[in-house]
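> Sequence first, predicted model second:
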2 protein chains.
Amino acid sequence: MTQQLQITKVRTLKEKPEVAGIPFGSYFTDHMFSMDYSAELGWHNAAIIPYAPLEVSPSAQALHYGQTVFEGLKAYNVDGEVTLFRPDENFKRLNRSLERLSMPKIDEAFALQALLELLKVEHDWVPDGEGQALYVRPFVFANEPYLGVRPAKTYKMLIVLSPVAGYYGAQLNPTSIYVEDSYVRAVRGGVGEVKFGGNYAASLHAQQKAADLGYEQVLWLDGVHQEYVEEVGSMNIFFVRNGELLTPELNGSILPGITRKSLIELAGEMGYTVNEERIHIKDIEDGIKDGSITEVFGAGTAAVVAPVGIMNIHGTDYRINGNEIGEVTQKLYDTLTGIQTGKLEDKNSWVLQVTSTVK
Amino acid sequence: MTQQLQITKVRTLKEKPEVAGIPFGSYFTDHMFSMDYSAELGWHNAAIIPYAPLEVSPSAQALHYGQTVFEGLKAYNVDGEVTLFRPDENFKRLNRSLERLSMPKIDEAFALQALLELLKVEHDWVPDGEGQALYVRPFVFANEPYLGVRPAKTYKMLIVLSPVAGYYGAQLNPTSIYVEDSYVRAVRGGVGEVKFGGNYAASLHAQQKAADLGYEQVLWLDGVHQEYVEEVGSMNIFFVRNGELLTPELNGSILPGITRKSLIELAGEMGYTVNEERIHIKDIEDGIKDGSITEVFGAGTAAVVAPVGIMNIHGTDYRINGNEIGEVTQKLYDTLTGIQTGKLEDKNSWVLQVTSTVK
């Protein structure tokens, strides 16, 4: 099943930017991975090609019915060795997303191999500054020019790469979140548990509302009762309650984050009890009031761990840990990023050495 | 505020297809309308240009986060006069969709004027066969090359045209629908009440399931209780109960269809009582069993009115009116399509004469 991978290099390389100053996901490398799907040929045309505009039909289904899914992960520069963190988990989840959106699945092993080849070509783009990484964005969209509402018959998969300085800047400053009790992100039976592009478009209005009110992120409640905690913007959420970790259980509408999963495993190894539960927002409010909840943080690929300093619940602002990053949050951040950047031992074999794997 | 409209015509016109044989939305005319938006310039570059592939960045936000909305309406050929049915309603709804998806609103009057100009250029493409029309698809998508999750700063609006023979073929054969009680389309607080592209991608999996089970369409239930009737695939749904019309009330998760609205108004004028209610699926099942519900039909732009002959409710198949089109359904279909195609008097001034308006 494995295809040949064609490689076409650009003639003139772009000038590499000063990574520290650029906004997340705004600058792209010289090359990208591209692969086409048709009902007749399956996935074909696998190639590393120059990063350049695509020719897309005005009637391409993705532009009309939003059939598009994506993934996000980071490549790190560890003393000149390029590494990835659990990339197999991303391609597994990509296949779950593809299946849920009635799109054709990919060969996970081949896609990972293609990414490794791409990273070999773009080796010099992986930044080595503190908190910096090369963000990896695999995505698949329907490009059949057809306006009937049915799954498309042709698709394109791309992997583009973007040097990033860290989603929230280099500093681990606490973020502020607004508990959204009017708009809803997802509901069981829907598409909230996969990385479907439309989930993010649908979240923008509430995100804007929160920004207008002065908060950086939205905390979503469940779609059925609008009472149970689901997730934050582009992250899962964790609480430290009586010294134990607490996070919403996966219920069919929450995205199963790879950072979430890794933190749960890591926290267990570090001796913390981790509770995955259905969490009522009232219990969070009470816990903050009575002091049993001492820390709150988000967890996602872009931010890794993002401490929450202010939480607005039903109109009341609560300060968490004096709007400072907490001890447990800091420890989890240091441990996970330490493993990701090669400073700490990788006991679980989560880190893939790209440079030594691909010759 | 009104822009100039540039017109660039193709040198060689395409051969026009035999409309009767082509699938819905698979063949496009020679020209399209195009307009760009940037935060600095607002909507600009309004032009009628050759229908051709677009240059789209691999990092265009629509391909990642699905920020795209659309509309659908039909142009009819009435003895050589091109007409539209309530096009102002479509541009009004497009603006509601744009607002909900944090996208920039358009000048409705200018967009309509641009469509009229486009139809003047493509006059010969409007088919005159029974049930045939030129399907009009305005849509807007985010094309800024940026991977941060926030509303894009640049967009493209296009209007493409496709000659159609009628969504379900020329015959008004009853369709079969499967009441979906596991997957959910939309929930109040979400984006179900606007014409957001992702709503359609998110519906495909359930649509496939229904097709695998032998049904043509899905009837969605509400996202909170999964008990109340919402809408069918790409249509609103109506029931005839004790000689009166019954349709789900607009509740924040149902698309406010223009055909739905027109049928409600028309049925009232024709002397029918129309009830817009919250409808429990159990009451529909009981009504079919006890004979009080005699007809079921879908209503949408593509199909106009689509009789339902088979309804599967929680595993049981119910035949509606002996799987034949009912009297009320036929009367409403004849009346609405009669007005649309100029065979019946247009008392409400719903029909816009394109040819006589644009000189």
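It's in.
> Show me where chain A has its helices.
Here chain A has its helices, by DSSP state H, at A:61-65, A:87-100, A:108-121, A:197-201, A:204-213, A:258-269, A:281-290, A:327-340, A:354-357.
> which stretch among those helices comes nearest chain B?
Each of the helices of chain A has some distance to chain B by CB to the nearest CB; the shortest is helix A:197-201, at 2.3 Å. Yep, even glycine has a C-beta here, placed from its N, CA and C like the rest.
> Show me what the closest one is in contact with.
A:66, A:68-70, A:139, A:141, A:185-186, A:191-192, A:234, A:255, B:63-68, B:101, B:142, B:149, B:196-199, B:201-202 (CB atoms under 8 Å, 6 or more residues apart in numbering or on different chains).
> Mind checking which of those residues land in strands?
Judged by DSSP state E, these include A:68-70, A:139, A:141, B:68, B:142 as members of strands.
> Switch these over to CSV; also include neighbour count.
Below are the ones in strands among the contacts of helix A:197-201 laid out as CSV (neighbours: other CB atoms under 10 Å in any protein chain shown):
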residue, neighbour count
A:68, 32
A:69, 29
A:70, 22
A:139, 25
A:141, 29
B:68, 32
B:142, 26
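> Check those and tell me the two furthest apart.
Spatial extent of these (CB to CB) is set by the pair A:69 and B:142 at 16.6 Å.
> Buried subset of the contacts of helix A:197-201 as a ChimeraX selection?
This is how ChimeraX selects the buried members of the contacts of helix A:197-201, with burial counted by 16 or more other CB atoms under 10 Å in any protein chain shown:
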select /A:66,68,69,70,139,141,185,186,191,192,234,255 /B:63,64,65,66,67,68,101,142,149,196,197,198,199,201,202
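> Point out the residues in the stretch 201-350 of chain A that sit beside chain B.
A:201-205, A:207-208, A:223-224, A:226, A:233-234 (CB under 8 Å from any CB of the partner chain).
> typed the wrong thing, it's the stretch 1-150 of chain A
Proximity of the stretch 1-150 of chain A to chain B, by CB under 8 Å from any CB, involves residues A:23-26, A:28, A:32, A:51-59, A:62-68, A:70, A:100-102, A:135, A:137, A:139, A:141-142, A:145-150.
> According to the record, where do the domains of chain A fall?
Split into domains by automatic domain parsing, chain A comes to A:6-166, A:175-340.
> Need those in TSV (columns: mean pLDDT).
Below are those laid out as TSV (pLDDT from 0 to 100):
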stretch	mean pLDDT
domain A:6-166	96
domain A:175-340	97
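> between the ones you listed, which gets nearest to residue B:344?
domain A:6-166 (28.4 Å).
> Turn the ones in strands among the contacts of helix A:197-201 into CSV, columns for distance to residue A:86.
Converted to CSV, the ones in strands among the contacts of helix A:197-201 look like this (distance: CB to CB, whole Å):
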residue, distance to residue A:86
A:68, 23
A:69, 18
A:70, 17
A:139, 19
A:141, 24
B:68, 31
B:142, 30
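> So which of the residues you listed is the closest to residue A:159?
Nearest to residue A:159 among the ones in strands among the contacts of helix A:197-201 is residue A:139, at 7.8 Å by CB to CB.
> I'd guessed the closest one sits against residue A:155; true?
No - if you go by CB atoms under 8 Å, residue A:139 and residue A:155 don't touch, sitting 10.4 Å apart.
> For residue A:242, grab the count of nearby residues.
A count of neighbours around residue A:242, defined by other CB atoms under 10 Å in any protein chain shown, yields 11.
> can you check the one 5 residues further on too?
For residue A:247, the number of neighbouring residues by other CB under 10 Å comes to 24.
> Against residue A:283, how distant is it?
From residue A:247 over to residue A:283 the distance is 13 Å, taken as CB to CB, to the nearest Å.
> Look at stretch A:339-348 and report the distance between its end residues.
The first residue of stretch A:339-348 is 10 Å away from its last residue (CA to CA, to the nearest Å).
> same thing with stretch A:182-192?
Taking CA to CA, stretch A:182-192 runs 17 Å from one end to the other.
> try stretch A:318-330
Chord length of stretch A:318-330, first to last residue, is 20 Å (CA to CA).
> residues making contact with that stretch?
For stretch A:318-330, contacts defined as CB under 8 Å, 6+ apart pick out A:172, A:174, A:240, A:243, A:245, A:272, A:285, A:288-289, A:293-297, A:305, A:307-312, A:333.
> Pull out the buried residues from it.
By 16+ other CB under 10 Å, the buried positions in stretch A:318-330 come out as A:318, A:320-321, A:325-326, A:328-330.
> Also stretch A:296-314?
Buried residues in stretch A:296-314, counted by 16+ other CB under 10 Å: A:296-313.
> what bridges to residue A:38?
Note on residue A:38: beta-bridge partners residue A:42, residue A:154, judged by DSSP bridges.
> thinking it is in contact with residue A:142, fair?
No - using CB under 8 Å as the test, residue A:38 is too far from residue A:142 to be in contact (11.7 Å).
> shared neighbours, those two?
Common neighbours of residue A:38 and residue A:142 (CB under 8 Å, 6+ apart) are residue A:154.
> Which residue is it, in the stretch 251-359 of chain A, that comes closest to chain B?
Nearest residue of the stretch 251-359 of chain A to chain B, counting by CB to the nearest CB: residue A:302, 8.9 Å away.
> Against residue B:234, how distant is that residue?
Counting by CB to CB, the separation of residue A:302 from residue B:234 is 35 Å.
> Then residue A:105?
The gap separating residue A:105 from residue B:234 is 26 Å, by CB to CB.
> next one: residue A:201
Residue A:201 sits 19 Å away from residue B:234, going by CB to CB.
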